[in-house]
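In: have a look at this prediction, sequence included:
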Amino acid sequence: MSVANRPVHRPLSPHLQVYRPQLTSVLSILHRATGIALSVGALYLATWVIYAAADAKAYALFQSFNMSIVGRIVLGGWLFCAFYHLANGIRHLFWDAGYGFELKDAYRSGWIVVAVSLIATVVSWIVGLGLV
Amino acid sequence: MSDLRTPLARARGLGSARDGLKHWWAQRLTAIALIPLIVWFAISLVMLSGADYAVARAWIGSPLVMVLLILTIVVGLHHGQLGLQVVIEDYIHGDGWKLALIVAVRFVAVIFGLAAVVSILRIGFGG
């Protein structure tokens, strides 16, 4: 094997397992997790539109799942992910613009994100899904 | 000195593909566009989660909703695809799997996006 192709084994810095979870790191990984969930959920919501373009019977079948407990949990979970990713995404855009990097500010904006996404989620569940 | 990379690093040929900024910028641009779109979509979803066939079709088929819904789906799937690509690049280390997953994500996003857009147009134009 030539030098150019030989794999490099450089020492790695300490990784996640040595750090105590803190608000900033938990919110950071939650942004990724909700992003993945939203992407999968987007396919589900696209399917909804596709069924609406099909006949009434197919649509009714899809809606019966939507109205079931599992369907409500899927929709309610997607809404939470959407509100969280939206609020935290705006926080990220402020960082991209160069604002809010002080530790104090990062924690304050973090708690605002938690509050906003939880309130929006609960309101959406009460108003629309009849979950609470 | 114009290049700070070591001779070995240059021989390996890995490094910036000079493609990162475009991806980064597209992710931000779609993010900004999605702020109003997702707020609108989430409210609509809450209001229409129990809609029957006729109500759902009447809503989807109205001109303003058609435009906003197509925008939401296309921009949303593009944003999701860009984000998933970063996640895959971060966590999947085998080159084969990495490439296969990125390609698969793109294909799925395009197929579902196109199917949804065609469905919306079909409802709107009474096909």
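Out: Right, received. Where do you want to start?
In: does residue B:5 count as helix, strand or coil?
Out: Reducing the assignment at residue B:5 to three states with DSSP: H, G, I helix; E, B strand; the rest coil gives coil.
In: neighbours around it, how many?
Out: Neighbouring residues of residue B:5 were enumerated by other CB atoms under 10 Å in any protein chain shown; the total is 12. Where C-beta positions appear, they are placed from N, C-alpha and C, glycine not excepted.
In: ok, so what distance separates it from residue A:8?
Out: Residue B:5 is 14 Å from residue A:8, where distance means CB to CB, to the nearest Å.
In: list the contacts of the residue nearest to residue A:86 when sequence neighbours are not counted.
Out: Counting by CB to CB, 6 or more residues apart in numbering or on different chains, residue A:86 lies nearest to residue B:38, which is 5.5 Å off, once chain neighbours are set aside. The neighbours of residue B:38, taking CB atoms under 8 Å, 6 or more residues apart in numbering or on different chains as the test, are A:82, A:86, B:72, B:76.
In: in which helix or strand would I find the second one?
Out: With secondary structure defined by DSSP states H and E, residue A:86 is part of helix A:69-96.
In: could you identify the helix or strand that succeeds that helix?
Out: Past helix A:69-96, further along toward the C-terminus, the next helix or strand under DSSP H and E is helix A:103-124.
In: which parts of chain A sit against chain B?
Out: If contact is defined as CB under 8 Å from any CB of the partner chain, the residues of chain A in contact with chain B are A:3-5, A:32, A:35-36, A:38-39, A:42-43, A:45-47, A:49-50, A:52-53, A:56, A:59-60, A:63, A:66-67, A:75, A:79, A:82-83, A:86, A:89-90, A:92-93, A:96, A:120, A:124, A:127-129.
In: out of those residues, which end up buried?
Out: Buried subset of the residues of chain A next to chain B (neighbour count, 16 or more other CB atoms under 10 Å in any protein chain shown): A:32, A:35, A:38-39, A:42-43, A:45-46, A:49-50, A:52-53, A:59, A:63, A:66, A:75, A:79, A:82-83, A:86, A:89-90, A:92, A:120, A:124, A:128-129.
In: related to what we said a few turns ago, checking the residue nearest to residue A:86 next. Helix, strand or coil?
Out: Per three-state DSSP, the secondary structure class of residue B:38 is helix.
In: for chain A, give me its nearest residue in chain B.
Out: residue B:46 (2.9 Å; CB to the nearest CB).
In: now for the most centrally placed residue in chain A: which residues touch it?
Out: For chain A, residue A:34 is the residue whose C-alpha lies nearest the centre (CA atoms, centre = their mean; 1.8 Å). Residue A:34 is in contact with A:80-82, A:84-85, A:88, counting by CB under 8 Å, 6+ apart.
In: poorly predicted segments of chain A, please.
Out: Flagging of chain A using pLDDT under 70 yields the residue ranges A:1-5, A:129-132.
In: and with 80 instead?
Out: Residues of chain A that meet the criterion pLDDT under 80 lie in A:1-8, A:12-17, A:128-132.
In: and the residue of it nearest chain B?
Out: Closest contact between chain A and chain B, by CB to the nearest CB, is at residue A:128 (2.9 Å).
In: once you drop chain neighbours, what's closest to that residue?
Out: With sequence-adjacent residues excluded and distances taken as CB to CB, 6+ apart, residue A:128 is closest to residue B:46, at 2.9 Å.
In: can you tell if the host helix or strand of residue B:114 touches chain A?
Out: When secondary structure is defined using DSSP H and E, the element that contains residue B:114 is helix B:95-124. Yes: using CB under 8 Å from any CB, helix B:95-124 reaches chain A at B:108, B:112-113, B:115-116, B:118-120, B:122-123.
In: the residue nearest the centre of chain B - nearest residue in space that isn't next to it in sequence?
Out: Using CA atoms, centre = their mean, the residue of chain B that lies closest to the mean C-alpha position is residue B:78, 1.8 Å off. Nearest non-adjacent residue to residue B:78, counting by CB to CB, 6+ apart: residue B:30, 5.5 Å away.
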